[in-house]
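Engineer: Show me how the following folds:
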Amino acid sequence: MDKKLNGQIAIITGASSGIGAGCAKEMAKAGATVIVNYPVAGAKPMADAVVANITAAGGKAISYQCDVSKEDEVIKMFTDTIAQFGTVDILVNNAGLQRDAKFVEMTLEQWNFVLGVNLTGQFLCAREAIKEFLRRGIDETKSKAAGKIICMSSVHEVIPWAGHANYAASKGGVMLMMKTIAQEYAPKKIRINSIAPGAIATPINHDAWDTQAHLQELLKLIPEKRIGQVEDIGKAAVFLASDDADYINGTTLFVDGGMTLYPGFEDNG
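Structural biologist: Numbering: from 1, shown residues only. Reported below is the predicted structural model:
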């Protein structure tokens, strides 16, 4: 693989499994040194396994514990990363979770927990990343941009999802936060975009594809008739972080096999 991210430092939140792990592996293949973030001590073995996979393939990575919904922990993660590696060039704002319930049964705790990680966590990490990008400026030996942020959104930034009001609201919020800060910092050569995955085979949605019957039901929503893999998202993240995407700013890249094409109208509605 062309080392399009050679010499760059990438923090990837929620990278101990699923899409985050996929992004970490693909960015390491592209030459980045990767900080594999995980939220709690119990996830350290999974994060360390991702690091081991990367280093065994000749890449560079470390694991780092930080709950992205906690301001002090986010600030410390960026401070420690900059102290160890000199700077941060790329942030993949991936950490996210679900706490599903019918709307009238949804507790304030469920609402706040999902918004705290999925939206506030992205705000806190993006804020610290932009501070560092502004401090350092452009290093043209590494990139045409002063820094790159990739927010992990979802097809549910545009598709309503009954029973998941907290999750859908968080992703709608990510979409407009991303666009707003991209508009604000584009003049400083900071690029901020989102990836909106569709159905990707990860632990968070395992019950949607764990049996052949479940998979066939899921595929009705996907015109391409396959479930996505974490590598599909990882490769898109590498592209958006590379100079190949230097004129892409403030947009959402849907990686969804066509899920946003209203597949219910395949047979004329």
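Engineer: So for this protein, the centremost residue is which one?
Structural biologist: Closest to where the C-alpha atoms of the chain average out (C-alpha atoms, centre = their mean) is Asn94, at 2.7 Å.
Engineer: So for that one, what's the pLDDT?
Structural biologist: Per-residue pLDDT puts Asn94 at 98.
Engineer: so it touches Ala21, yeah?
Structural biologist: No: assessed by C-beta atoms under 8 Å, Asn94 is found out of contact with Ala21, at 9.4 Å. C-beta: built from backbone N, CA, C; applies to glycine.
Engineer: list the contacts for the residue nearest to the centre of the chain?
Structural biologist: Asn94 is in contact with Ile12, Thr13, Gly14, Ala15, Ile19, Gly20, Cys23, Met152, counting by C-beta atoms under 8 Å, 6 or more residues apart in numbering.
Engineer: at 6 Å what do you get?
Structural biologist: Applying C-beta atoms under 6 Å, 6 or more residues apart in numbering, we find Asn94 in contact with Ile12, Thr13, Gly14, Gly20, Met152.
Engineer: can you list the weak-confidence ranges in this protein?
Structural biologist: Where the chain drops to pLDDT under 70, the residues are 1, 269.
Engineer: now the nearest residue to Ile222 once chain neighbours are set aside: how far from Val174?
Structural biologist: Excluding the flanking residues, the one nearest Ile222 by C-beta to C-beta, 6 or more residues apart in numbering is Gly257, at 4.4 Å. Here the criterion is C-beta to C-beta, to the nearest Å. By it, Gly257 lies 21 Å from Val174.
Engineer: higher neighbour count, those two?
Structural biologist: Ranked by neighbour count (other C-beta atoms under 10 Å), Gly257 and Val174 place Val174 first, with 26 against 23.
Engineer: Please list all residues in contact with that one.
Structural biologist: Contacts here follow C-beta under 6 Å, 6+ apart; on that basis Val174 touches Gln122, Cys151, Ser153.
Engineer: Grab the longest strand from this structure for me.
Structural biologist: Of all the segments of type strand in the chain, defined by DSSP state E, the longest one is strand 190-197.
Engineer: In whichever helix or strand comes after it, which residues are buried?
Structural biologist: Next helix or strand after strand 190-197 toward the C-terminus (DSSP states H and E): helix 212-219. Buried residues in helix 212-219, defined by neighbour count with 16 or more other C-beta atoms under 10 Å: Leu218, Leu219.
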